[in-house]
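1. got a structure for you, letters missing:
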């Protein structure tokens, strides 16, 4: 049993989602969004840090995963996104949580099966995989997708580590 915190960073809205990974089963725990209202970037970063720390204190996850920065057309936006991501990461690391990072393409591929999936497809599959009937915000769904991606990656690594034998033919 391992509670995993997934984070979808954003300078205005940072999504977070928690799942419980028990063997090969995933259970929904909680999700939400950190919404920053300040126009000051330092205040936004403080809000992200403080609220992610509160989530960690309340739910006591054992692991965390965060989405990597997507480089868009606007370098200023990418820089702000990177700062928000850093703020969330420091919140996790200040609580000694092991932290993994995944690209948006890998997250989408793990949840939907296609790295080019759109937000609605991700949201639909997250709700289906975790048996969530209520509506959830896109950013929270993205964060849950990051947590699912991490759980699947960890499970695959455990299976590979426990393999009794393997064929070298695969690696040639």
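-> Happy to help now that I have it. In this text, all values refer to a predicted model and were calculated from it rather than measured experimentally.
2. can we go C-alpha only for contacts and neighbour counts from here?
-> OK.
3. Contacts for the longest helix seen in the chain, please.
-> Longest helix of the chain, by residue count under DSSP state H: helix 138-161. Applying CA atoms under 8 Å, 6 or more residues apart in numbering, the contact partners of helix 138-161 are 4-8, 13-19, 21, 23-24, 26, 31-33, 64-67, 100, 102, 106-108, 110-111, 119-120, 122-123, 126-127.
4. Likewise for stretch 116-130?
-> Taking CA under 8 Å, 6+ apart as the rule, stretch 116-130 contacts 26-28, 105, 108-109, 111-112, 132-133, 136, 138, 141-142, 144-145.
5. List buried residues within the residues you listed.
-> By neighbour count, with 16 or more other CA atoms under 10 Å, these hold 26-28, 105, 108-109, 111-112, 136, 138, 141-142, 144-145 as buried.
6. Please give the centre-to-centre distance between stretch 91-99 and its chain.
-> With CA atoms, centre = their mean, to the nearest Å as the basis, stretch 91-99 stands 14 Å off its chain's centre.
7. can you give me the strands in the protein?
-> Ranges of strands within the chain are 2-8, 13-22, 25-35, 63-67, 99-102, based on DSSP state E.
8. re earlier: from the contacts of stretch 116-130, which is closest to residue 60?
-> residue 28 (14.5 Å; CA to CA).
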